[in-house]
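1. Following is a predicted model, sequence given first.
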Amino acid sequence: MSGHLDGRAVRGALAARLRAAAAAALDDLPAPIDDAARDAGRLLNALAEEAELTDDPALAWLILVATTGRYPRTEAVHELHRRLRADSRAATLGRVLATALDPVSSNDPLTVLEVLVDAVVVDVDYTGRHDLNTGIQRVVRNAVPTWAAEHEVMLAAWSGTDALRRLDPIEEDRVLRWSGPRHQPPRRTRSRRVLVPWRSRVVLPEVPAPWLCPTLAALAEVSGNAVSLVGYDAIPVVSADTMPPEEPERFVHYLTLVKHAASIAAISHSAGEEFSGFVDMLGAQGLRGPGVRVCALPSDVPDDAPLADGHADRAPSVLVVGSHEPRKNHLAVLHAAELLWREGLHFSLRFVGGSSSASGPFDDRVRALHHAGRAVTVSRGVGDKELWSAFRNARFTVFPSLHEGYGLPVAESLAVGTPVITSNFGSLLDLADGGGAMLVDPRDDAALTAAMRRLLTDDALRDALAAEALARPKRSWTDYARDAWDALVADVTVAAR
Amino acid sequence: MPEPEDLSSAMPEPEDLRSTVEGLRAQVSELTAEVDHWRALAVGTWSDTLAAAYRDHATTDAAEELARVHASLSWRVTAPLRAARRLVPRR
């Protein structure tokens, strides 16, 4: 908070913000004058006049950004747009300034705008601020560096919950040069410098937090920018029964944004069908919804991935990768493993993945098995190299998920030639189609146990599946990044003025 | 329908017309300057008010923070130490 503010600094900052906005939006930019209050008044008037002439709500969005220093919500934009058409300009602008007086509804009064015209802004807020490296963050850390190397992009995170800002160096490293956890706690950094996309493309390769969705929905609907996003899945609504109760509600906020997006790059055919289904429903609301294109994720092994360590004398390792949530069906894996240990089979079971709010039953079961002397381990916060090593050293992996948008651990296991036991439907069935996998009904414990038993005891079958896996056609992260760029940026049109 | 010569007599002299236009222009210019002035005054008052509101906000934040410190367990636990220190004469 600014403790030593004076009016002169505040009106100077307002004039500078309005000038940055007017420079982007107006053909005839009023000449600057020394008196900041007078300059700000003229610029505000010129922007309002343009909004009245063009009847473009995007101008109302921009006026609100310039006066408050934060992105507005849709209702505020509609209200200003209507007032500019119906009320006197002076009264309307007076009202805008009055709203901006409230410290709660406006940003730091000395906020500076960096207006980006015809740019590509990529929101990598979560991946930049966190060390977590599961599904979505891995997509971001593999695709975004290619975009940044091949195109001009502005990587952005959220300043509070108000507006986008540039990344700090640590955040940029986490996104562009990931080399494992930085062990820095996530911070919600506030920046006085705010990014303002104008007639630009805003790409969301993450699923934004629900509290950001109303602002992003306004960005997609009324700012004149085109928002496109990577579509991972609709699991929180389709499989709400396997999720913590708050997840479906969070996802509904996300759908409010999705309906106003310009384009979705779905990560699998299965995810594409889910999002297309949602878009089909939007006709009932008179909305066209985004275009949906499938850009299937790759199965690429990085050059520096460690090779298998060749310790053939150790107990065979069975690997399970994924966060510990009910949908991943890890309790079924623990159950099958316990039955096989009781049969006298000798193997270790390793889980790699983060916890979730619903990890309790899984953690309890692992603890009980551990006390019983079973060879079960759980690794959290694992770096890339260790993960690839785990894939390579496993006899096979198990991924009997009940619902996936894609199933990255399946693709990665197959990419290094490690067979997989996975589910016989949805995106996992699509992935298994290329060979190297045993399919089971994940709701059938006996079938899962039988499949694990076979891969633990039948060397010929295990080797045949490994050979099939290695023979699968390769698709690299660069291939994916380029396809996704076309779907999210190159083929997306920004509405003309 | 008036005769052409009547119509021409109704037309103002070019000199009068020019003077009217100039008068109107001056009026527009004066009104624009006035609007400019009032707009600037509004922005000036707005910015002074906003700066004051933020100063108050910051003061309130500081006061609340101080109240939180005074109410904290560690502040209360260390009260005897501060009291003892007050008894020791300063040199």
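-> All right, it came through fine.
2. got a list of contacts for whichever strand or helix holds A:R367?
-> Assigned by DSSP states H and E, A:R367 belongs to helix A:360-371. Helix A:360-371 is contacted from outside by A:H324, A:P326, A:H330, A:L331, A:L334, A:A337, A:E338, A:F351, A:S355, A:V376, A:V378, using CB atoms under 8 Å, 6 or more residues apart in numbering or on different chains. Bear in mind the C-beta positions are built from the backbone N, C-alpha and C, glycine included.
3. Chain B contacts on chain A?
-> Counting by CB under 8 Å from any CB of the partner chain, chain A comes close to chain B at A:1-11, A:14, A:35-38, A:40-42, A:44-45, A:90, A:94, A:97-98, A:100-101, A:103, A:106, A:109.
4. rerun at 7 Å
-> Contacts of chain A with chain B, taken as CB under 7 Å from any CB of the partner chain, map to A:1-3, A:5-7, A:10-11, A:14, A:35, A:37-38, A:40-42, A:45, A:94, A:97, A:101, A:103, A:109.
5. Now do the helix or strand containing B:S47: which elements does it pack against?
-> Following DSSP H and E, one finds B:S47 within helix B:14-71. Contacts defined by 3 or more CB pairs under 7 Å, 6 or more residues apart in numbering or on different chains; DSSP states H and E place helix B:14-71 against helix A:7-25, helix A:36-54, helix A:89-100.
6. repeat that for 10 Å
-> The contact analysis (3 or more CB pairs under 10 Å, 6 or more residues apart in numbering or on different chains; DSSP states H and E) places helix B:14-71 against helix A:7-25, helix A:36-54, helix A:89-100, helix B:73-77.
7. Only alpha carbons, please: show the shortest one as CSV.
-> It stands for helix B:73-77. The C-alpha atoms that make up helix B:73-77 are tabulated as CSV, following Å, rounded to 0.1, in the frame of the first residue of the first chain:
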residue,chain,number,x,y,z
LEU,B,73,0.6,-13.7,23.2
SER,B,74,4.3,-12.8,22.8
TRP,B,75,3.7,-9.1,23.6
ARG,B,76,1.8,-10.0,26.7
VAL,B,77,4.4,-12.6,27.8
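8. Please compute how far it lies from its chain's middle.
-> 44 Å (CA atoms, centre = their mean, to the nearest Å).
9. Next one: A:D233 relative to chain B, how far apart?
-> Distance, A:D233 to chain B, by CB to the nearest CB, to the nearest Å: 42 Å.
10. same thing with A:L307?
-> Counting by CB to the nearest CB - A:L307 and chain B are separated by 55 Å.
11. tell me which element the residue lying closest to that residue once chain neighbours are set aside is part of?
-> Closest residue in space to A:L307, ignoring its immediate chain neighbours: A:R392 at 6.4 Å, by CB to CB, 6 or more residues apart in numbering or on different chains. Counting by DSSP H and E, the element that carries A:R392 is helix A:384-393.
12. Sketch out the low-pLDDT regions of the chain for me.
-> All of this refers to chain A. Residue ranges of chain A with pLDDT under 70: A:1-4, A:103-105, A:161, A:310-314, A:496-497.
13. right idea, wrong chain: chain B
-> If you take pLDDT under 70 as the line, chain B has these spans: B:1-8, B:59-65, B:73, B:88-91.
14. On the three-state scheme, A:D233 is what?
-> coil (DSSP: H, G, I helix; E, B strand; the rest coil).
15. got a list of what it touches?
-> A:135, A:207, A:239, A:251, A:266-268, A:270-271, A:274-275, A:403-406, A:426-427 (CB atoms under 10 Å, 6 or more residues apart in numbering or on different chains).
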